[in-house]
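>>> Next comes the sequence, and after it the predicted model I'd like to discuss.
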Amino acid sequence: MTENKTKIWALIPAAGIGSRMKSELPKQYLEIDGKTILEHSLSRFLEHPSIDKVVVALHANDNYWVKLKIANHPKIITIEGGATRAESVLNGLKAIQQQHGQDDWVMVHDAARPCLDNASIDALIQAGKDSAHGAILAYPSVDTVKLANANQTIDKTINREQIWLAQTPQYFPVNALAEAIEAGFKQGITITDEASAIEAQGMHPALVIGTRKNIKVTEPEDMMLASVWLVT
Ligand SMILES: Nc1ccn([C@@H]2O[C@H](COP(=O)(O)OP(=O)(O)OP(=O)(O)O)[C@@H](O)[C@H]2O)c(=O)n1
Ligand SMILES: C[C@](O)(CO)[C@H](O)COP(=O)(O)O
């Protein structure tokens with residue numbers, strides 16, 4: 001009798017061009033401590049015992065991936081990403097469904113977040129057991145939050161007790177997430193993370209406190225920060 005264990009997939013959107021980084025290479029291929037940012041991010045899932053398979057969404061014109069040693073890892077499936085992060089994620093979800101993973105769960109993690117730690121992955125898996133609406137890593141704001149006017153003046157101060165900054169991974173049932181993103185596209189909502197699509201369907205994912213190390217490498221100064229976090 002084969003066990004029908006629910007699998008956990010990792011889905012890594014890595015099809016961006018990193019325009020805000022203003023670098024020659026797409027930022028996910030910039031190196032820190034001898035490895036690309038993408039390899040650092042991928043290694044967290046390749047080495048985690050609870051993650052069964054990893055899908056990586058690559059830019060249609062990506063000719064960097066094949067040069068990585070990790071490119072032939074047996075746990076990895078590569079697919080073509082889309083014009084937006086949400087489209088890349090949906091393409092990855094469809095690939096998981098084609099691999100009979102429709103009843104599994106998926107952790108979507110930005111390739112641009114190389115400083116993720118194992119304890120955060122463990123906490124997210126546990127939170128998924130307690131929340132049918134899924135769960136995301138996030139961090140409560142430590143700064144006062146201002147709502148801005150169009151002319152870059154302050155409209156008002158937002159009570160920061162309720163402000164959390166979303167990170168990734170974001171962890172959901174595969175089918176529910178695919179349906180939510182497709183519905184969001186039809187409704188014309190802006191989907192900048194997986195939870196925003198799930199919320200638009202009336203669901204309330206759990207917030208799991210991450211670490212401040214789990215930064216998204218977005219602008220040039222983030223490289224120094226990530227370099228420090230990766231070696232401490
Ligand atoms: N069409 C896209 C756009 C982004 N991403 C991925 O989504 C993650 C978060 O996106 P972001 O930090 O915005 O990356 P870029 O879109 O590359 O950056 P920029 O907006 O500065 O161009 C990154 O790992 C990026 O590779 C993707 O898979 N497909
Ligand atoms: C998904 C995300 O990392 C959560 O904070 C963020 O929304 C990605 O934004 P980006 O502009 O696509 O980098």
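Thanks, I have the structure now. Residues are numbered from 1 along each chain as shown. Ligands and ions are numbered 1, 2, ... in the order given.

>>> where are the low-confidence patches of this structure?
1-4 (pLDDT under 70).

>>> Dead centre of it: give me the residue that sits there.
H109 (2.2 Å; C-alpha atoms, centre = their mean).

>>> Name the nearest residue to that one, ignoring sequence neighbours.
P169 (4.1 Å; C-beta to C-beta, 6 or more residues apart in numbering). (Each C-beta comes from the backbone N, C-alpha and C, glycine too.)

>>> Please verify my assumption that the one you found contacts I125.
No: with contact defined as C-beta atoms under 8 Å, P169 does not reach I125; the gap is 9.7 Å.

>>> who in the chain is up against ligand 2?
85, 110, 166-168, 192-193, 216, 218 (C-beta under 6 Å from any ligand atom).

>>> did I read that right, the residue nearest to H109 in a strand?
Yes: according to DSSP: H, G, I helix; E, B strand; the rest coil, P169 belongs to a strand.

>>> Which residues are in contact with it?
Residues in contact with P169, defined by C-beta atoms under 8 Å, 6 or more residues apart in numbering, are 10, 107-109, 116, 120-121, 124, 136-137.

>>> from the residues you listed, which is closest to E199?
For those, the closest approach to E199 (C-beta to C-beta) belongs to I136, at 10.4 Å.

>>> what helix or strand does that closest one sit in?
When elements are assigned from DSSP states H and E, I136 belongs to strand 135-140.

>>> how far is that strand from where the chain is centred?
Strand 135-140 sits 12 Å away from the centroid of its parent chain (C-alpha atoms, centre = their mean, to the nearest Å).
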